[in-house]
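In: Below are the sequence and a predicted model for it; my questions follow.
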Amino acid sequence: MPGPGPHTIYALTSGLALLHLSNGRFSPHHCFVYAVNAFIGPDLGSFAEWLSETLKTGEAIGSAAMDLIHHPFYYIFILGFPLSFFYRWVSKVLLHKGVLESVSGVPLAVRQCFLLVSAGSLSHFFLDHLFEENGQSSMYTWILSTGWWNTRAPNNPEAVIVVGFLCSCLIGGFIYIYRVKHNKSVTARSLQSICLVVGVASLYCLWCTSQIYWRNPRQPAVGEEADLGVLVFLAIYFVLPHSFCIMSINPGDHLGTVGELPR
């Protein structure tokens with residue numbers, strides 16, 4: 001599986017991009033908490049298992065920790081809230097000691113820390129699911145199972161019509177929302193665009209599911225492509241963690257002078 005380097009670099013570069021785009025509202029504190037949890041977060045379970053095996057004691061506890069902590073969602077449910085308070089305290093110490101600056105001038109809130117812990121866990125498994133167990137992880141195997149690999153995919157005119165219609169709705173709807181001389185605000189149109197993408201993606205997944213799991217005999221949903229697995233994987237392990245990061249961004253009214261600390 002990927003080591004500390006790829007996990008940290010992936011999360012830190014994503015965080016730096018958000019820091020730049022948000023003009024500092026996604027602060028270095030956000031980047032720090034996000035990157036630490038993408039690196040060492042769920043691997044606390046792996047470390048506990050390794051430590052118990054090395055010390056030859058508490059191996060059952062170490063194995064249980066591996067099963068419970070090294071998991072994209074169990075890590076959040078079990079350690080999410082305790083770690084949120086811990087990182088809130090760390091953010092406060094780093095700010096008041098002048099170790100790490102924040103444009104907002106205030107430490108991270110517990111809610112922000114929880115979102116970043118969650119984002120870090122999911123981003124950790126974005127890499128783990130793709131690059132561990134010699135490509136035979138349960139998630140990666142399921143993604144590939146939604147494709148058609150045994151023989152050449154038969155021609156399916158229904159798929160061409162349905163997929164073409166959905167993609168046309170997606171592109172056409174986007175153009176309509178952002179057409180010239182539209183009176184709605186950028187925020188309102190962004191929300192409309194998100195609803196459009198979620199709606200079309202849901203219908204796309206419904207079509208794929210109906211062809212793969214509900215139809216007997218099964219037939220390829222979109223040629224040989226594993227579109228259902230890819231969409232579900234990206235939604236959970238790419239879109240969702242970055243959405244959590246965006247949700248954790250400091251509001252505009254918290255902005256202050258760079259390097260200015262609360263007195």
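Out: Sure, I can see it.

In: Pull the contacting residues for the residue lying closest to W50 once chain neighbours are set aside.
Out: Closest residue in space to W50, ignoring its immediate chain neighbours: G62 at 7.6 Å, by C-beta to C-beta, 6 or more residues apart in numbering. All C-beta spots, glycine's among them, are computed from the backbone N, C-alpha and C. Applying C-beta atoms under 8 Å, 6 or more residues apart in numbering to G62 gives the contacts A48, E49, W50, L51, S52, E53.

In: and what of P42?
Out: Applying C-beta under 8 Å, 6+ apart as the definition, the contact partners of P42 turn out to be I69, H70, H71, P72, Y75, S121, H124, F125.

In: switch the cut-off to 10 Å
Out: Taking C-beta atoms under 10 Å, 6 or more residues apart in numbering, we find P42 in contact with 7, 66, 69-76, 79, 120-122, 124-125, 128.

In: Equivalent analysis for E132, please.
Out: For E132, the contact set (C-beta under 10 Å, 6+ apart) comprises M1, P2, F125, M139, Y140.

In: farthest pair in those?
Out: Taking C-beta to C-beta, the two most distant members of the contacts of E132 are P2 and M139; they sit 14.3 Å apart.

In: Out of the contacts of E132, show me where the pLDDT dips lowest.
Out: pLDDT across those is at its lowest for M1, which sits at 67.

In: what packs against the helix or strand in which D128 is found?
Out: Assigned by DSSP states H and E, D128 falls within helix 110-131. Helices and strands in packing contact with helix 110-131 are listed as helix 4-21, helix 28-39, helix 74-96, helix 138-145, helix 227-234, helix 240-247; criterion 3 or more C-beta pairs under 10 Å, 6 or more residues apart in numbering; DSSP states H and E.

In: Share the number of residues neighbouring V33, please.
Out: A count of nearby residues for V33, using other C-beta atoms under 10 Å, gives 31.

In: Could you do C208 as well?
Out: By other C-beta under 10 Å, neighbour count at C208 equals 25.

In: again, but for N23
Out: There are 10 residues near N23, going by other C-beta under 10 Å.

In: per-residue confidence at it?
Out: pLDDT, read off for N23, is 92.
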